[in-house]
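Trainee: sharing a sequence plus its predicted fold:
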Amino acid sequence: MSDLDRVISKLLDPISLPTFLEAYWEKQPLHVQRQAPDHYAGLFGLEEVEQYLFTVKPRGNELRLVARGRPDIVFHEYEEAPPRVVFEAFREGYTLNLNGVHRRWPPVHALVEAVQRRLRCYANGNAYVTGPASQGFDTHHDGHDVFVLQTRGRKRWRLYAVREELPLEGRATSPEDSGWGEPVREIELSAGDLLYLPRGVPHSATTDDCCSVHLSIGIRPLLMESVLSELIRTVVREHAHWRRAVAPAGTRAARHAPSLQSLVARLSEDLGALGPLEPLLESLEEKLLRPEEAVGVGPGGYLHSLERLEALDLDSELECRPGHASVLTRRGEEVVLTFIGGSLVAPAFCEPALRYALEQSRFRVGGLPESLTGEARVTLCRRLVREGLLRLVDGAAQPLESDFREPGTWLEGHAPQ
C-alpha cells in the first residue's frame, strides 16, 4: 500500500475507498464515529491553531471572524490579523474561519494532496474554531462536497432535506419563505470523527459546553458540465459553421434557425470526429489539479540535499518533501510534471519511474522501475532533488508527514512557513 493510500485509508477508516465511492460519493452523508479522540492528533487541533496564528500570521484573505446574526469581522486583504483582536472576538462568541490552511501548514497540505490525487479532484483545507455555546453560520448548503474532520471537542450538526441535487458552485442557498423545515438528521461529531456531506445538503452546526475545532476538506471534482462545455468550445474552435450568426430570414420576419434535431445531429457528427476523449479529460484534470496557491517548497533538508547531490547513487534513499504538490500528465510521446514554481518535460518512457517516485514517500533510487537504466535513474532523481520535489533521507527513518498513525506525526520535524 502506498503512503497516499494509507492517508485515504486512515481518513475513511473503517470504510474502504471503493465502498465510499459506491455507497456515499455524491449520494448521501456519511458519519464515521470512532471513539478515538487522538485519531487526528498533530494535524490541526487547538494547539496548532495558536501556533498558526502566531507563526503563520494569517492575513485578511486567510481569516475571518463570523457569528450567526452578527456582522463579520474582516481584515484588509494584506493586513495581518492581530491575535489579540482574534482572541477577543473568540471570547465574544465569534467563530475563527481560517481559509486555505493547506497552503501554509504542511501537515494539512499532505492530507489535502492525498485526497486530491486519489479522488482526482481539486481540494482545499479550511479550519473552523468555535467556542462554547456558539454558532458561526446560518443554515446553508455548499456547492462542493466536503469532508469534516473533528480534531478537537464536539459539535452538533443538523442536516436538512435537499432542495436541489448536486447544485453547481455559486448557486443561491436561501430557502423558500417556508424556511428549511425540520432537520432530517442530527449528528454529534466528537474528536476523531468524520462527516462527509455531498454538495447540496443543507446544514448548520453548533457547540454546547466545549470548544470545537474541525478541519473542512472541500472537494471539487471534474464535473460532466465542464467536460461538455470544453467539448463544445473545441468544436466551435474547429468548425466555422458554429461561429456564424443565426441568420435573419427577412427584415420583418423571425430569425431563421435550424431545428433542434438538425443541430443535435450536426453537433454529434462534429463531436464524433474529435476522436478519443482521454486527452481532453487529461487536459481538464491538469487545469483542475494545478495548484494556484500552495505551501511551496517547505522547510526541511533542501539545502542539505543540494550539498550531498553529487554523492547521490543507486543506494541513496529519498523521500518526498512536504507540500510538493505535483501533477503528472501524458502528452503523446512526452510526460509533463507540473509542480510549484515550474515544470519538467521527459520522454514517455520515464512515466513509470516518475509515478513511482511521487507516490512512494520514501524509496531507494535503485528501487525505481527498471524501465530506466541505473544511470538514468540517478539522473532523474538528481533533477527531482534540485527542483525541491525530493530530498535525501539523512540518518534513521522518520515518521512520514503523510500519515497520522501516531500523535504528533503530522508536525514532527516541520515548522510552518
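Mentor: Arrived safely, thanks for sending.
Trainee: run the chain-centre distance for the helix or strand encompassing Val115.
Mentor: Element membership of Val115, judged by DSSP states H and E, is helix 106-119. Here helix 106-119 shows a centroid-to-chain-centroid distance of 6 Å under the convention CA atoms, centre = their mean, to the nearest Å.
Trainee: that one: what's the following helix or strand?
Mentor: That would be, after helix 106-119 and using DSSP H and E, strand 121-130.
Trainee: got the angle between that following strand and helix 106-119?
Mentor: When axes from the mean of the first three to the mean of the last three CA atoms, to 10 degrees is applied, the directions of strand 121-130 and helix 106-119 differ by 140 degrees.
Trainee: list the buried residues for strand 121-130?
Mentor: For strand 121-130, a neighbour-count test (16 or more other CB atoms under 10 Å) marks 121-130 as buried. Yep, even glycine has a C-beta here, placed from its N, CA and C like the rest.
Trainee: what packs against that strand?
Mentor: helix 46-51, strand 95-98, helix 101-104, helix 106-119, strand 212-221, helix 278-289 (3 or more CB pairs under 8 Å, 6 or more residues apart in numbering; DSSP states H and E).
Trainee: closest to Pro29 out of those?
Mentor: Nearest to Pro29, of all the helices and strands packed on strand 121-130, is strand 212-221, at 13.6 Å by CB to CB.
Trainee: related to what we said a few turns ago, okay, the buried residues of strand 121-130 in a markdown table with distance to Glu188 and pLDDT next?
Mentor: A markdown table is the format used below for those (distance: CB to CB, whole Å; pLDDT from 0 to 100):
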| residue | distance to Glu188 | pLDDT |
| --- | --- | --- |
| Cys121 | 28 | 89 |
| Tyr122 | 30 | 89 |
| Ala123 | 25 | 92 |
| Asn124 | 26 | 92 |
| Gly125 | 23 | 95 |
| Asn126 | 21 | 96 |
| Ala127 | 19 | 97 |
| Tyr128 | 16 | 97 |
| Val129 | 18 | 96 |
| Thr130 | 14 | 95 |
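Trainee: between the residues you listed, which sits nearest Glu351?
Mentor: Nearest to Glu351, judged by CB to CB, of the buried residues of strand 121-130 is Cys121 at 21.5 Å.
Trainee: isn't that closest one right up against Ile217?
Mentor: No: contact status for Cys121 versus Ile217: not in contact, 10.1 Å apart, counting by CB atoms under 8 Å.
Trainee: now do the shared contacts for these two.
Mentor: Taking CB atoms under 8 Å, 6 or more residues apart in numbering as the criterion, Cys121 and Ile217 both touch Val115.
Trainee: where does pLDDT dip in this structure?
Mentor: 1, 172-178, 248-256, 289-300, 322-325, 340-342, 395-417 (pLDDT under 70).
Trainee: distance-wise, check the most centrally placed residue in it relative to Leu318.
Mentor: Residue closest to the mean C-alpha point of the chain, counted by CA atoms, centre = their mean, is Ala123 at 1.5 Å. Separation of Ala123 from Leu318 (CB to CB, to the nearest Å): 25 Å.
Trainee: go on, Glu165?
Mentor: 46 Å.
Trainee: could you list the domains of the chain?
Mentor: The record's domain parsing of the chain by automatic domain parsing lists 3-221, 302-411.
Trainee: would you mind telling me which of those is nearest Ala257?
Mentor: Using CB to CB, the nearest of the domains of the chain to Ala257 is domain 3-221, at 27.2 Å.
Trainee: quote the end-to-end distance of the closest one.
Mentor: Between the opening and closing residues of domain 3-221 lies a distance of 22 Å (CA to CA, to the nearest Å).
Trainee: how far off centre is that domain?
Mentor: 13 Å.
Trainee: surely Leu65 meets Leu96?
Mentor: Yes: with contacts counted by CB under 8 Å, Leu65 reaches Leu96, the gap being 6.3 Å.
Trainee: who touches both of the two?
Mentor: 86, 89-90.
Trainee: of those, closest to Leu284?
Mentor: Val86 (38.9 Å).
Trainee: that closest one is in what secondary structure piece?
Mentor: helix 83-91.
Trainee: what comes up buried for that helix?
Mentor: Under 16+ other CB under 10 Å, the buried positions of helix 83-91 are 86, 89-90.
Trainee: next one: stretch 376-385
Mentor: 377-378, 380-382, 384-385.
Trainee: ok, back up a step: export the helix holding Val86 as PDB, just CAs?
Mentor: Taking Å, rounded to 0.1, in the frame of the first residue of the first chain, the C-alpha atoms of helix 83-91 are listed here in PDB:
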ATOM      1  CA  PRO A  83      -4.000  37.600  17.800                       C
ATOM      2  CA  ARG A  84      -5.300  39.900  20.500                       C
ATOM      3  CA  VAL A  85      -8.200  41.000  18.300                       C
ATOM      4  CA  VAL A  86      -8.900  37.400  17.200                       C
ATOM      5  CA  PHE A  87      -8.900  36.100  20.800                       C
ATOM      6  CA  GLU A  88     -11.200  38.900  21.900                       C
ATOM      7  CA  ALA A  89     -13.700  38.200  19.200                       C
ATOM      8  CA  PHE A  90     -13.500  34.500  20.000                       C
ATOM      9  CA  ARG A  91     -14.400  35.200  23.700                       C
END
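Trainee: what angle do it and strand 121-130 make?
Mentor: 80 degrees.
Trainee: could you list every helix and strand in contact with helix 83-91?
Mentor: Using 3+ CB pairs under 8 Å, 6+ apart: helix 83-91 touches strand 63-67, strand 95-98.
Trainee: and the contacts of it?
Mentor: Contact partners of helix 83-91, identified using CB under 8 Å, 6+ apart, comprise 53-54, 63, 65, 73, 96, 129, 131.
Trainee: hang on, the earlier thing: ok, so of the shared contacts of Leu65 and Leu96, who is nearest Pro347?
Mentor: Val86 (51.3 Å).
Trainee: before we move on, the earlier item: just put the helices and strands packed on strand 121-130 in JSON lines and tack on mean neighbour count.
Mentor: Converted to JSON lines, these look like this (neighbours: other CB atoms under 10 Å):
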{"stretch": "helix 46-51", "mean neighbour count": "16"}
{"stretch": "strand 95-98", "mean neighbour count": "23"}
{"stretch": "helix 101-104", "mean neighbour count": "26"}
{"stretch": "helix 106-119", "mean neighbour count": "25"}
{"stretch": "strand 212-221", "mean neighbour count": "22"}
{"stretch": "helix 278-289", "mean neighbour count": "15"}
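Trainee: now tabulate those in JSON lines and tack on distance to Asp13.
Mentor: Converted to JSON lines, these look like this (distance: least, CB to CB, whole Å):
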{"stretch": "helix 46-51", "distance to Asp13": "21"}
{"stretch": "strand 95-98", "distance to Asp13": "25"}
{"stretch": "helix 101-104", "distance to Asp13": "21"}
{"stretch": "helix 106-119", "distance to Asp13": "14"}
{"stretch": "strand 212-221", "distance to Asp13": "15"}
{"stretch": "helix 278-289", "distance to Asp13": "25"}
